[in-house]
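Visitor: no FASTA, just this:
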Ligand SMILES: [Ca+2]
Ligand SMILES: [Ca+2]
């Protein structure tokens, strides 16, 4: 076979695989639902169910949905960039099975969440931000390694977290 | 590969039974051990708190009605059936067609109820005497009361709640999961009456069912329901002393809850009474439904940030406020009934008595509505105190009117007889306590044992835990 | 260099005056324009809401006492002095030694009060008729009422509050800043009485001061204070109809607030009534003290997360509950006073009347305590409803006793006279309204103008804003 042909076939196969994977992902992940901010959208992947359930039984259930914490909100470019980056990462991880039973938030994910804690709670306690350096020793640009949930350990997913941590999540199924 | 399996595993809902309703919680427990184990722990709340002993006024208020015989504070769900069988209110039937109570009295006591309703039909279920189904209704409140046997989802197993929701303007298909986490409880923790409903049974015979019905068509407030009952010309019984056509309010827990701040802020019953609980690496809703004050750390402290002691103190303060107004109102009501009795005795006419009679009916309804659910002092402190204030005002108003009538018939400074103990009050109300206990004991040693044996033989009662529950009642030694 | 200077500048506190107390808020305004400007805005709440018009029952309840003449809902702080001069309660004095009221009536109306107290001495201040200091007390509630002139810090300018705090077991040197943000208000928004205090003045003459005193020695609850007054054998006046030795509760705002959840969670008055406000790059406590419902965004929403409408609805619901029980209690109390009057008229004896008299005294005290501060329905909804319930029960109890007495004297079905308008009620209570208005108008055109002119001439009143406040009163056209 000519090298050119090989290339052509390979390209075709690659495109086909990409398309196929895309379609598979779109189906598997109910892609259109991501246009909403409904928390239930995240549970299109079963591995998010436990996080959904722990959130649903937390003090924040009535106050903040997943994207309120996990996505940047004040900046639309950052928001959709993050959304697609995460979407890609999660899909790949999900499809290729590269995640463990106990997933961990990425540094970038943690940064965003931290910013969102501060965003909401700045209005609640106007002095929190002002004095943040004094009381919580956030010194670097990324607010240091001290995270809100180092102290508020139950917010919002609780101390125990794993894919299997909350079996029988009736709420997830109900909301579907 | 692995992922599909994982997903299947995570999403798998055990099907407890392919078809129909599984009333035996021990069957569910095979698949849901944490929920089952915590459900069993409701048996820790077993103590009988005799309310008639504590507040003898109640006997006067309920003279001529079952509650004057026996009335206790609620215990854990595991005891629901036992309380129902042991209370003197259900009497000592000697056979299927005997006894003072109808089938409807089983309604909120057992997971066998939805099973039997499905089997017989709803109207058929609500037909006949209580003793008719004694060997069918044998499992206390359990999984099938709140969950669908095939999907395990929360489900309203009682059709009357669905009808009431619709009558009050709610659309059933818009109910959220959070709604369901309260409505599961509203199936029972709600005010009800038995609606006489004629129908023709399968064999073509005319029957009358006494169907549990929630009076929600005009709204859920005390005043709304009062209007409902008045329009309908309804009474639960005629008072033995005052001859007032009375209403009985039974535990409007859900209704009063909806007027409180926690409901307004979106909470459900399960948030406090079934908080998420951690056992090892697993989290689940505790099914040990109890006073949240026994579990402040998991309930209140999810949202609040004070010490447990602070919560106890705040709840106690609310309780004290209610108790104070409650005792005041009960005393006024008791005096009103006894004074009315005197007025009849000295010859007062129907026409003279009419205004006072209306006022007493309304007063006692508002009083009963405000406190009968036990938790309203906390769930809805403002509404509870308001209603107690209005109820007492009406009771006092009736007393003033009645004093006037008595004076007209020459009776001045009438002093009501002493009702300061349960014994004295029951004497006044004509409750033959010893006789009632005797009948009950005969029943408990006879028919009730037969029911149990039959249920065990036919495999309807399999749970060793249920069989082993300690027997308690107000008339049994502790 | 530059940094140190900047720091010094930022930390510098303007000294309004080197020594003594500066009563003129316009002087403070030169250094604190934002606080001053917002303080001026309290004048936006200027409308007179005649409470006697709205609730004629009040006239019956206060028959024989000043409040039956004139009583309005509170307005903004800017009007405190004007309300005090214009109310018919302070009468129409013709000179320094004339009129129904003592000096103590200025106590909570003006920043000249701490100034004059410092100048004269506290006991001297509290000596003599109200009219004595008319030209000295000319600035309405202002900066010096709450702040120290030299340091600008919050300070208790009224010694009687310090004494009361100590008597109730608080240590003054342990007060926190947050405490001060409520105690500044507690100087005035508290129940008081005038304690007769004999002393010898500087010239050696025996005098009796009427010293504003808070009855806190036994605690701050209604029942605690009642005990305090009873032990002390105190009465504010004898009721003109029922001859009951009455107590008047004046605005126990701070006391009731301490029973509510917001106090228990550490809030202070200033958190809601003086929230932080942003103007450009500057943040300051708004000194436009008003109903927080006019400023929900800056007050409630600092801590809560609901819509403004939701807050209005919830507060309104609480208000409705209070109003319902309040009207009930006022009606019962009015009927009790009028029935007692009838009983005296038909010849009832002191001994017969004694129990009813004690009960009415207690009932009206509890009622007044629960609602006189206007905000208690929100600050302390539970305590307010409880007290209204108990108060009404006592009033009704008294009516029952009195019906018995009337019956003994042959009066059956006594109907109380009509008090459904302010006019009718004042007629019954013997309030000569026209005469009072005439006297007042003479005073307002004469002596009151003299006071003002003198104060302006001597430089005590310099604020054009204060001079220009619109004159309003219940008897003036709108
Ligand atoms: Ca009922
Ligand atoms: Ca007073």
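Guide: Everything's here; your move. Because the structure is a prediction, the values reported are computed rather than measured. Ligands and ions are numbered 1, 2, ... in the order given.
Visitor: buried set for stretch A:156-165?
Guide: Judged by neighbour count using 16 or more other CB atoms under 10 Å in any protein chain shown, the buried positions of stretch A:156-165 are A:156-158, A:160-161, A:163, A:165. Every C-beta, even on glycine, is put in place using the N, C-alpha and C of the backbone.
Visitor: Check whether it comes near chain B.
Guide: Yes - contact between stretch A:156-165 and chain B, assessed by CB under 8 Å from any CB of the partner chain, occurs at A:158-160, A:162-165.
Visitor: Name the nearest residue to the residue in the stretch 151-300 of chain B that chain C sits nearest to, sequence neighbours excluded.
Guide: Closest residue of the stretch 151-300 of chain B to chain C, CB to the nearest CB: residue B:264 (7.0 Å). Spatially, and ignoring its direct neighbours in sequence, residue B:264 is nearest to residue C:314 (7.0 Å; CB to CB, 6 or more residues apart in numbering or on different chains).
Visitor: contacting residues around the nearest residue to residue B:260 once chain neighbours are set aside?
Guide: Spatial nearest neighbour of residue B:260, excluding adjacent residues (CB to CB, 6+ apart): residue B:380 at 3.9 Å. Neighbour list for residue B:380: B:256-260 [criterion: CB atoms under 8 Å, 6 or more residues apart in numbering or on different chains].
Visitor: quick one: the strands in chain B?
Guide: B:193-200, B:206-213, B:237-238, B:245-246, B:276-279, B:282-285 (DSSP state E).
Visitor: Need the per-residue pLDDT for residue 170.
Guide: All of this refers to chain A. Listed pLDDT for residue A:170 reads 89.
Visitor: I was thinking of chain B, sorry if that wasn't clear
Guide: pLDDT for residue B:170: 96.
Visitor: Repeat that for residue A:3.
Guide: Reported pLDDT for residue A:3: 57.
Visitor: repeat for residue A:165
Guide: The model's pLDDT for residue A:165 equals 85.
Visitor: That one: what's its closest spatial neighbour, skipping adjacent residues?
Guide: The nearest residue in space to residue A:165 (CB to CB, 6+ apart) is residue A:50, at 4.8 Å.
Visitor: Which SSE is immediately downstream of the helix or strand harbouring that neighbour?
Guide: Assigned by DSSP states H and E, residue A:50 belongs to helix A:49-56. As assigned by DSSP H and E, the chain's next helix or strand after helix A:49-56 is helix A:66-70.
Visitor: domain assignment for chain A?
Guide: A:1-35, A:44-169 (automatic domain parsing).
Visitor: about what we covered before: out of the contacts of residue B:380, who's nearest ligand 1?
Guide: Ligand 1 lies nearest to residue B:256 out of the contacts of residue B:380, by CB to the ion, at 13.9 Å.
Visitor: Now do the contacts for the closest one.
Guide: Residues near residue B:256 by CB under 8 Å, 6+ apart: B:369-370, B:373, B:376, B:379-380, B:383-384.
Visitor: List the contacts of the closest residue to residue B:108 other than its chain neighbours.
Guide: Among residues not flanking residue B:108 along the chain, residue B:188 sits closest, at 3.8 Å (CB to CB, 6+ apart). Residues near residue B:188 by CB under 8 Å, 6+ apart: B:107-108, B:141, B:145, B:158.
Visitor: now residue B:73
Guide: Contacts of residue B:73 by CB under 8 Å, 6+ apart are B:49, B:51, B:374.
Visitor: Which of those residues has the largest number of neighbours?
Guide: Within these, most neighbours by other CB atoms under 10 Å in any protein chain shown means residue B:51, with 18 neighbours.
Visitor: okay, now the residue nearest to it when sequence neighbours are not counted: neighbour count?
Guide: Closest residue to residue B:51 apart from its sequence neighbours, by CB to CB, 6+ apart: residue B:71 at 4.8 Å. When neighbours are counted by other CB under 10 Å, residue B:71 registers 21.
Visitor: weakest of the domains of chain A in terms of mean pLDDT?
Guide: domain A:1-35 (a mean of 51).
Visitor: For the stretch 301-450 of chain B, which residues are neighbours of chain A?
Guide: B:302-303.
Visitor: Poorly predicted segments of the stretch 301-450 of chain B, please.
Guide: Applying pLDDT under 70 to the stretch 301-450 of chain B flags no residue at all.
Visitor: What's the local residue count around whatever residue of it ends up closest to ligand 1?
Guide: Closest to ligand 1 within the stretch 301-450 of chain B is residue B:368: 8.4 Å, counting by CB to the ion. Around residue B:368 sit 25 other residues, with neighbours defined as other CB under 10 Å.
Visitor: Quick one: residues contacting it.
Guide: B:247-249.
Visitor: Keep only those of those residues that are in helices.
Guide: Residues of these located in helices (DSSP state H): none.
Visitor: Scan those residues and report the most crowded one.
Guide: Counting neighbours by other CB under 10 Å, residue B:249 leads the contacts of residue B:368 with 25 neighbours.
Visitor: Relative to residue B:43, how far out is the closest residue to residue B:81 other than its chain neighbours?
Guide: Excluding its sequence neighbours, the residue lying closest to residue B:81 (CB to CB, 6+ apart) is residue B:140, at 4.3 Å. Separation of residue B:140 from residue B:43 (CB to CB, to the nearest Å) stands at 9 Å.
Visitor: Now list whatever residues contact both of the two.
Guide: Shared contacts of residue B:140 and residue B:43, counting by CB under 8 Å, 6+ apart, come down to B:78-79.
Visitor: Give me the more crowded residue out of the two.
Guide: Between residue B:140 and residue B:43, counting by other CB under 10 Å, residue B:140 is the more crowded of the two (27 against 20).
Visitor: what's the burial count for residue B:52?
Guide: 24.
Visitor: ok, now which ones touch it?
Guide: Residue B:52 sits in contact with B:58-59, B:68, B:70-71, B:422, B:425-426, B:474, where contact means CB under 8 Å, 6+ apart.
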